[in-house]
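>>> need a structure here:
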Amino acid sequence: MRGAIAKPFDAELEAVNCHHNYVTRENHFGQNVLVTRKGAVRAAKG
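So this is what the prediction gives:
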């Protein structure tokens with residue numbers, strides 16, 4: 001990235017901590033399955 005961005009920056013700090021893509025265990029139609037959610041943020045109650 002340093003070659004593409006002219007302004008100096010520090011790349012050792014994490015700027016964003018959001019699980020935008022994830023896998024979760026869910027039950028659908030009576031079957032336990034692994035669901036991949038891409039480009040999504042979990043919106044479950046709680």
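
>>> Any stretches of the protein with poor pLDDT?
Of all residues in the chain, those with pLDDT under 70 make up the ranges 13-19, 46.

>>> What are the boundaries of the strands in it?
Under the criterion DSSP state E, the chain carries strands at the ranges 22-28, 31-37.

>>> Between those strands, which one is closest to Met1.
Evaluated with C-beta to C-beta, those place strand 22-28 nearest to Met1, the distance being 24.3 Å. Heads up, the C-betas are built off the backbone N, CA and C, glycines and all.

>>> tell me the angle of that closest one relative to strand 31-37?
Going by axes from the mean of the first three to the mean of the last three C-alpha atoms, to 10 degrees, strand 22-28 is angled at 150 degrees with respect to strand 31-37.

>>> hang on, the earlier thing: tabulate the strands of the chain (TSV), appending mean neighbour count.
Formatted as TSV, those follow (neighbours: other C-beta atoms under 10 Å):
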stretch	mean neighbour count
strand 22-28	10
strand 31-37	9
